[in-house]
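Novice: whatever this is, show me its structure:
(one chain, ligands or ions: 1)
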Amino acid sequence: MSVIVFTEIDNQQYKKSSLEAISYGKKVAQNFGLSCIALSLDTLSDTATLGKYGADRVISLGQNTAFTSDNTAQLVAEACKQLEAQIVVISNTYTGKSLAPRLAVTLDASLATNVISMPDTSAGFKVKRGVFSGKAFAYTDLTKNIKLLAITPNTFDIDSSGNDITPETLSVTAEASKISIDKSDKVVGKVPLTEAEIVVSAGRGMKGPENWNMVEELADLMGAATACSKPVSDMGWRPHAEHVGQTGITIKPNLYVAIGISGAIQHLAGVSSSKTIVAINKDPEAPFFKAADYGIVGDAFEIVPQLIQALKN
Ligand SMILES: Cc1cc2nc3c(=O)[nH]c(=O)nc-3n(C[C@H](O)[C@H](O)[C@H](O)COP(=O)(O)OP(=O)(O)OC[C@H]3O[C@@H](n4cnc5c(N)ncnc54)[C@H](O)[C@@H]3O)c2cc1C
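Specialist: Have a look, this model is predicted:
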């Protein structure tokens with residue numbers, strides 16, 4: 001019996017959210033007296049280091065192919081069966097969201113998404129989940145033999161106090177994918193929005209795309225990813241991949257800086273779980289100030305250059 005943690009690879013590296021998932025999986029495994037197995041689709045140069053984050057075993061499936069939800073779900077399900085998975089931990093990323101339901105059906109498992117707590121086993125197997133875009137919590141009891149937990153990124157700490165371990169390989173097969181990827185566009189050389197610890201975001205208050213230089217400069221100086229409100233991406237000022245909110249990406253960085261964004265409920269739905277929120281807005285009545293931890297009332301065109309200068313100093 002084991003706790004299996006599915007890991008994701010991006011740019012030949014394990015994602016930070018996967019390292020969080022392993023450290024989470026390790027704690028769960030300890031609580032249940034199980035072993036924690038990190039599952040990697042392929043073997044990378046740093047596969048052995050997954051042991052540092054809590055994996056008792058690291059198992060590679062030797063699949064050097066692009067992720068496709070149907071094929072990958074079969075491979076992971078097959079591995080889970082062979083390794084007698086009792087609990088499966090994945091990260092609630094785009095990949096995790098497309099994998100989790102398929103995996104749950106194939107394994108006949110109970111699935112909880114957006115998990116933000118350790119399992120409470122005082123009565124059943126309950127986890128706390130963020131629901132309604134983070135506006136409320138739900139406590140879900142997982143009743144089937146196999147439990148699948150999709151944990152929210154940036155919620156659990158990474159514990160790197162373990163040691164490297166020698167990866168093993170496992171032979172699994174699956175039908176060829178019915179999905180073909182014709183084209184994929186990737187943001188390169190920037191902090192991915194969903195992985196970012198700090199996000200600098202701007203809205204219609206920036207007046208036009210030509211003014212985003214200062215937003216990007218501020219983000220670069222802070223080591224932050226950039227984001228935007230919906231109208232900004234709708235108008236083509238910024239790419240849709242940066243749109244956060246109810247109809248965009250939900251993020252949970254440690255610091256979210258909102259510049260010239262009103263703070264409409266639909267925007268807040270995607271960012272209100274950020275640990276610290278700073279709003280910069282010239283309107284002292286802007287709704288964002290009610291959700292923010294810190295607020296600067298003033299003109300972004302004066303304040304952002306001052307912040308840039310202060311960071312440079
Ligand atoms: C079904 C539905 C789903 C939606 N989903 C989303 C979503 O996912 N994400 C999202 O963002 N929106 C979403 N919206 C839109 C949302 O309701 C708001 O219209 C939108 O968030 C407003 O964007 P904004 O704050 O950039 O623009 P505005 O509302 O125009 O606000 C601009 C702000 O900038 C301030 N400002 C102006 N000039 C300056 C300056 N020089 N310096 C400082 N501040 C300045 C203004 O005071 C104002 O507060 C959705 C709406 C609907 C109906």
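
Novice: residues in contact with whatever residue of the stretch 1-150 of the chain ends up closest to the ligand?
Specialist: Of all residues in the stretch 1-150 of the chain, residue 133 sits closest to the ligand, at 8.9 Å by Cβ to the nearest ligand atom. Glycine gets a C-beta too; all of them are placed from N, C-alpha and C. For residue 133, the contacting residues are 246, 250, 269-270, by Cβ atoms under 8 Å, 6 or more residues apart in numbering.

Novice: and those residues, which two are furthest apart?
Specialist: 246 and 250 (8.5 Å; Cβ to Cβ).

Novice: more crowded one of these two?
Specialist: Neighbours per residue (other Cβ atoms under 10 Å) separate residue 246 from residue 250, with residue 250 holding more: 20 against 16.

Novice: tell me how this structure divides into domains.
Specialist: Here the domain parsing of the chain from automatic domain parsing is 2-169, 193-312.

Novice: and stretch 176-195, how far apart are its ends?
Specialist: 30 Å (Cα to Cα, to the nearest Å).

Novice: how far off centre is it?
Specialist: Between the centre of stretch 176-195 and the centre of its chain there are 15 Å (Cα atoms, centre = their mean, to the nearest Å).

Novice: re the thing from before, which one of the domains of the chain lies closest to residue 178?
Specialist: Here domain 2-169 is closest among these (Cβ to Cβ), at 5.8 Å.

Novice: off-centre distance for the closest one?
Specialist: 13 Å.

Novice: re earlier: okay, the contacts of residue 133 in JSON lines with pLDDT and distance to residue 41 next?
Specialist: Converted to JSON lines, the contacts of residue 133 look like this (pLDDT from 0 to 100; distance: Cβ to Cβ, whole Å):
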{"residue": "246", "pLDDT": "89", "distance to residue 41": "32"}
{"residue": "250", "pLDDT": "85", "distance to residue 41": "25"}
{"residue": "269", "pLDDT": "90", "distance to residue 41": "32"}
{"residue": "270", "pLDDT": "90", "distance to residue 41": "29"}
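
Novice: let me know the closest of those to the ligand.
Specialist: residue 246 (4.3 Å).

Novice: which residues are in contact with that closest one?
Specialist: So residue 246 contacts 133, 265-267, 269-270 (Cβ under 8 Å, 6+ apart).

Novice: residue 174 now?
Specialist: Contacts of residue 174 by Cβ under 8 Å, 6+ apart are 71-72, 74-75, 78.

Novice: looking at it now. What's its pLDDT?
Specialist: The score at residue 174 is 89. That number is its pLDDT.

Novice: you'd agree residue 5 is up against residue 35?
Specialist: No: using Cβ atoms under 8 Å, residue 5 is not in contact with residue 35, being 11.1 Å away.

Novice: neighbour count winner among these two?
Specialist: Neighbour comparison, residue 5 and residue 35: the larger count goes to residue 5, with 34 against 16 (by other Cβ under 10 Å).

Novice: mind checking what helix or strand follows the worst-scoring helix or strand of the chain on mean pLDDT in sequence?
Specialist: Counting by mean pLDDT, DSSP states H and E, the weakest-scoring helix or strand in the chain turns out to be strand 9-10, with a mean of 88. Sequence order places strand 13-14 as the next helix or strand after strand 9-10, per DSSP states H and E.

Novice: paired strands for that next one, with orientation please.
Specialist: Take DSSP bridges as the rule and strand 13-14 pairs in its sheet with strand 9-10 (antiparallel).

Novice: so what secondary structure elements neighbour the helix ranked longest in the chain?
Specialist: Longest helix of the chain, by residue count under DSSP state H: helix 16-32. Here helix 16-32 touches strand 2-6, strand 35-40, strand 85-91, strand 147-151, going by 3 or more Cβ pairs under 8 Å, 6 or more residues apart in numbering; DSSP states H and E.

Novice: in JSON lines: these, plus mean pLDDT.
Specialist: Converted to JSON lines, the helices and strands packed on helix 16-32 look like this (pLDDT from 0 to 100):
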{"stretch": "strand 2-6", "mean pLDDT": "97"}
{"stretch": "strand 35-40", "mean pLDDT": "97"}
{"stretch": "strand 85-91", "mean pLDDT": "97"}
{"stretch": "strand 147-151", "mean pLDDT": "98"}
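
Novice: could I get those strands as CSV with distance to the ligand?
Specialist: Formatted as CSV, the helices and strands packed on helix 16-32 follow (distance: least, Cβ to the nearest ligand atom, whole Å):
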stretch, distance to the ligand
strand 2-6, 28
strand 35-40, 33
strand 85-91, 22
strand 147-151, 21
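
Novice: any idea which of the ones you listed gets closest to residue 302?
Specialist: Using Cβ to Cβ, the nearest of the helices and strands packed on helix 16-32 to residue 302 is strand 85-91, at 39.9 Å.

Novice: and that closest one, what other elements does it pack with?
Specialist: With contacts taken as 3+ Cβ pairs under 8 Å, 6+ apart, strand 85-91 sits against strand 2-6, helix 16-32, helix 94-107, strand 147-151.
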